[in-house]
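J.: Okay, sequence plus prediction incoming.
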Amino acid sequence: MTTVPHTGAPLIAVAHGSRDPRATATVEALLDGVRRARPGLDVRAAYLDHAPPSLPQALSGLDEAVVLPLLLTAAYHSRVDIPAALQEATGRTPRLRAVCGPTLGPHPLLVRALERRLAEAGVEIGDPDTAVVLVSAGSSDRRANATIAAVAREWARTRPWWSVTPAYASAAVPTPRDEVVRLTRAGAPKVVVAPYLLAPGHFADRVERDTLEAGAHAVAGVLGSAPELVALLLERHAQAVRAASEAA
């Protein structure tokens, strides 16, 4: 693989993929926002599983591209699956000049998007009587889970919330339900849930159901096509092009 110095190189956003059509629709809505913000930029979606196109298919016919993981934390998919798919694509098309950028998170813009979704759910941002449960999908990679915990600590440091604590929808503890129960028993006046999830689907549905049953005051929507994510994708694109140019 060689470098991609061209600032107008196509942006290929690689999502996990889901059988739930809401997830694909959310990815497309986000990328439509990128297209509106950057007219003329070729913006394409690709999926690791469950939905077409694959990354090699999305790269078909291109001479250069910036591949961006549409993932919120670095874990197996960003470290192994996407590089392997990119290697497969460049093996098929030796002329293809492509570079892979970093995952979306962690980044302050994601916290701003979380606050946007909480505000839409009627939550007063930074309310000292409100404990926030930051819920990620969870991972078998402890580094990814540690990243979520670090985001929670930093968010708690910069806002006067009652607390901000992490929870994981799978593969790690505490679960969102358990963390809502713990905070309620610890005396938190209100507990709200901020899903650190890109799109609706199985995890988001279960988190909302379980935490409301456990007594959560409010559950925010998923990040989706929030304008902060549009800005972040364009920032990651420019970052990848700049890094490639400097490396060359």
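T.: That came through, no problem.
J.: Distance check, residue 99 against residue 231.
T.: Distance of residue 99 to residue 231, given as Cβ to Cβ, to the nearest Å: 20 Å. For glycine as for every other residue, the C-beta is placed from the backbone atoms N, C-alpha and C.
J.: more neighbours, the two?
T.: Set residue 99 next to residue 231 and count neighbours by other Cβ atoms under 10 Å: residue 99 wins out with 22 against 17.
J.: What residues are bridge-paired with that one?
T.: Assessed by DSSP bridges, residue 99 has beta-bridge partners residue 66.
J.: how far away is it from residue 74?
T.: Distance from residue 99 to residue 74, by Cβ to Cβ: 16 Å.
J.: before we move on, what about residue 171?
T.: Distance from residue 171 to residue 74, by Cβ to Cβ: 15 Å.
J.: got the phi/psi numbers for the residue most central in space within the chain?
T.: In the chain, the residue lying closest to the centroid (Cα atoms, centre = their mean) is residue 72, at 3.0 Å. Main-chain dihedrals, residue 72, degrees, to the nearest 10: phi -90, psi -20.
J.: Going forward, the N-terminal residue is numbered 39.
T.: Let's use 39 as the start, then, which means that last one is residue 110.
J.: Which pLDDT value goes with the nearest residue to it once chain neighbours are set aside?
T.: Nearest in space to residue 110, with sequence neighbours left out and distances taken as Cβ to Cβ, 6 or more residues apart in numbering, is residue 143 at 4.3 Å. Looking at residue 143, its pLDDT reads 95.
J.: who has more neighbours, residue 209 and residue 112?
T.: Per other Cβ under 10 Å, whichever of residue 209 and residue 112 has more neighbours is residue 112, with 19 against 15.
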